[in-house]
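1. Sequence plus predicted model, see below.
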Amino acid sequence: MKTKRMVAAIQMASGPNVTANLLEAERLIREAVEDGAGLVVLPETFAFKGKRDHDQLALREEPGEGPLQAFLTRVAARYGTWLVGGTIPIFAEDPNRLRAATLVFDDHGRLVGRYDKIHLFDVSVPGSHDRYEESATIEPGDRILVLDSPFGRLGVAVCYDLRFPEIFRSMLDEGMDLLAIPSSFTAITGKAHWETLVRARAIENLAYVIAAAQGGYHMDGRETHGHSMIVDPWGTILAQIPRGTGHICATLDQEYQASVRRTFPSTHHRRLKCRL
């Protein structure tokens, strides 16, 4: 069994033109695969970032149907890569809201998992006049996702989830080895907390983390932090891209991870358990 496998994080500065965003996403996926990646993670809202949050309601799709899901299926199969498809809007039970769904596809383009963002960004950002209220348009999920992959047990979370370590402890209880975290951190919160949170999730769970972010200026007048990164179980940043569009790759070493978990077994020293 291969113990070293290449993975990639895609960084974008998505806008309101879906066609342009998809063309850019495919270009970056192709480049990552050409560099050897067998698992590619797209950022949150990779296909569309409009002028207003509720604009994305018009793009909602039924599960298993629609152009965004067709795109993800096609590119995963075409380039023979596992693909964590950022987030796309899926119809919710509430007719006035959507589910921010992360779909995971295998290298044949088959859907193998879905995670709906649990924690919603309803905050006023200190040091700015920005107010975010994701719950106005997004219906939260209530289930974690950990699934088998050639890269180990893969857990998926989205952006604001990073601030809630109990979700990752619950994944660890399900055997999680690596995390994919599509994100869209604001410039202010990203500068203050992004690297700290991403590295903390890797360190405390002795897990690899692939954090794919939005990074740039958007049509709604907001700025995202970027700094997509891939971090190893010891908290070392293996690859990072500061701002703008691009991709990064790094090698996951399963033997190294097993060695760290064996010789520094902090995950087995827990005395309290979290339950979702």
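-> All right, it came through fine. Residues are numbered from 1 along each chain as shown.
2. Which secondary structure state is assigned to the residue nearest to residue 118 when sequence neighbours are not counted?
-> The spatially closest residue to residue 118, leaving aside those adjacent along the chain, is residue 141, at 5.0 Å (Cβ to Cβ, 6 or more residues apart in numbering). Quick note: C-beta positions are derived from backbone N, CA and C, even for glycine. When states are read from DSSP: H, G, I helix; E, B strand; the rest coil, the local structure at residue 141 comes out as coil.
3. Need phi/psi at residue 141.
-> Dihedral angles phi and psi of residue 141 (degrees, to the nearest 10) take the values phi -80, psi 180.
4. isn't it right next to residue 115, touching?
-> Yes. Counting by Cβ atoms under 8 Å, residue 141 does reach residue 115; the two are 6.8 Å apart.
5. Those two - which one has more neighbours?
-> The residue with the greater number of neighbours, taking residue 141 and residue 115 and applying other Cβ atoms under 10 Å, is residue 115; the counts read 26 against 21.
6. Okay, helices next: where are they in the stretch 1-150 of the chain?
-> With DSSP state H, counting those that start in this stretch as the criterion, the stretch 1-150 of the chain has helices at 18-34, 67-79.
7. Could you list the residues in contact with the last one?
-> By Cβ atoms under 8 Å, 6 or more residues apart in numbering, the list of residues contacting helix 67-79 from outside reads 18, 22, 25-26, 29-30, 33, 47, 59, 61, 82-83, 85, 88-89, 103, 105-111.
8. orientation of it relative to helix 18-34 in degrees?
-> Angular relation of helix 67-79 and helix 18-34 on a 0 to 180 degree scale: 20 degrees, by axes from the mean of the first three to the mean of the last three Cα atoms, to 10 degrees.
9. what's the residue sitting nearest the centre point of the chain sitting at in phi/psi?
-> With the centre of the chain defined as its mean C-alpha position, the nearest residue by Cα atoms, centre = their mean is residue 182, 1.8 Å away. Backbone geometry at residue 182, expressed as degrees, to the nearest 10, gives phi -60, psi 140.
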